[in-house]
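Student: Sequence isn't available, so here's the structure alone:
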């Protein structure tokens, strides 16, 4: 009786090496793509944090101004209302300084002053009434290229309610990245107390 022998086929060494090499290439591409996505996500979260800082700063100005009174707009070059921040003054052409009396203050209290410093590209605030005491309220990753405060309706008893429009242009980036995101933001605040 003759026996029929069957040969079971297996992987040869060359086939095994090719399979392992293809697997290694696919894994290398997959891991590098995953690492790039994780890095991009970190940068996006950091940029979102920087933009949130700017948004909080502008919201703080608008909220404080809405509750405040005696708005004074001025330019750093002495245009608009000049440097007497205690008196109301319109600045219809836009200035780099905004001063107003905060909510709950007395006439003896100094006005709050917000200003754009073009030398450092920062938005600053002073609660002492002096520009020399102003400190930055924006993150170092935010670069403000232009900022204007438009102030209208400050004359007591006129027919318009005092209003402030803030226009900010600039860019933001994250530490360790050359990529920057430009922004153009506008905020408006109208005095809540009726100006009759």
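Tutor: That came through, no problem. These numbers come from a predicted model, not from an experiment. Residues are numbered from 1 along each chain as shown.
Student: buried sites along stretch 180-196?
Tutor: Within stretch 180-196, the residues scored as buried using 16 or more other C-beta atoms under 10 Å are 183, 187, 189, 191, 195. Yep, even glycine has a C-beta here, placed from its N, CA and C like the rest.
Student: which regions of this protein lie under the pLDDT threshold?
Tutor: Within the chain, the stretches with pLDDT under 70 are 1-2, 4-9, 76-78, 196.
Student: need the buried residues of stretch 180-196 in TSV with secondary structure and distance to residue 134, can you?
Tutor: Listed next are these as TSV, based on DSSP: H, G, I helix; E, B strand; the rest coil; distance: C-beta to C-beta, whole Å:
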residue	secondary structure	distance to residue 134
183	strand	22
187	strand	19
189	strand	20
191	coil	23
195	coil	27
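Student: Can I get the residues you listed in JSON lines including distance to residue 130?
Tutor: Below are these laid out as JSON lines (distance: C-beta to C-beta, whole Å):
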{"residue": "183", "distance to residue 130": "30"}
{"residue": "187", "distance to residue 130": "25"}
{"residue": "189", "distance to residue 130": "23"}
{"residue": "191", "distance to residue 130": "24"}
{"residue": "195", "distance to residue 130": "27"}
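Student: Could you find the closest non-adjacent residue to residue 169?
Tutor: In space, and not counting its chain neighbours, residue 169 is closest to residue 146: 4.5 Å by C-beta to C-beta, 6 or more residues apart in numbering.
Student: list the helices and strands the helix or strand hosting the one you found packs on?
Tutor: Using DSSP states H and E, residue 146 sits in strand 142-152. The contact analysis (3 or more C-beta pairs under 8 Å, 6 or more residues apart in numbering; DSSP states H and E) places strand 142-152 against helix 13-67, strand 69-74, strand 91-95, strand 97-101, strand 112-117, strand 122-126, strand 163-173.
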